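Undergrad: 3D, please:
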Amino acid sequence: MRKVTKDLFTENDNETFSMGRVSWGASFLAICAAAGGILLTGGTLGLAELGIALATIAAGHGAAVKLHEPTGDRNGSSS
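TA: Prediction:
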């Protein structure tokens, strides 16, 4: 589990943490925590709004991470 987490949040060298990827993960956690808070306080959670929030975060942060990555795979060879 530790290796998977490290692979998700590091650059191609598997040592340097990517702020874009960390921000992406934190945003997902924040939306999930907000949804949990709404449910725990007895509020109504609109699944459409939750879906839109998660899709927006996934698209925005995914595009930012992809634009930041250099061309090549995780092993350092360029294409």
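Undergrad: Show the low-confidence segments of this structure, by residue range.
TA: Within the chain, the stretches with pLDDT under 70 are 69-79.
Undergrad: what's the closest non-adjacent residue to the residue nearest the centre of it?
TA: Central residue check for the chain by Cα atoms, centre = their mean: the C-alpha nearest the mean position is that of Trp24, 3.0 Å away. The shortest distance from Trp24 to any non-neighbouring residue, by Cβ to Cβ, 6 or more residues apart in numbering, is to His61 (3.6 Å). For glycine as for every other residue, the C-beta is placed from the backbone atoms N, C-alpha and C.
Undergrad: Please identify the helix or strand for the one you found.
TA: In this structure, His61 is located in helix 47-68 according to DSSP states H and E.
Undergrad: Which neighbouring elements make contact with that helix?
TA: For helix 47-68, the packing partners by 3 or more Cβ pairs under 8 Å, 6 or more residues apart in numbering; DSSP states H and E come out as helix 19-40.
Undergrad: what's the neighbour count on Ile31?
TA: When neighbours are counted by other Cβ atoms under 10 Å, Ile31 registers 15.
Undergrad: hang on, it packs against Ala55?
TA: No. The criterion here is Cβ atoms under 8 Å, and Ile31 misses it with Ala55 at 10.5 Å.
Undergrad: that older thread, ok, residues contacting the helix holding His61?
TA: Contact with helix 47-68 is made by 18, 20-21, 23-24, 27-28, 31, 35, as judged by Cβ atoms under 8 Å, 6 or more residues apart in numbering.
Undergrad: rerun at 6 Å
TA: 20-21, 24, 27, 31, 35 (Cβ atoms under 6 Å, 6 or more residues apart in numbering).
Undergrad: ok, now stretch 38-46?
TA: Outside stretch 38-46, the residues within contact range by Cβ under 6 Å, 6+ apart are Ala35.
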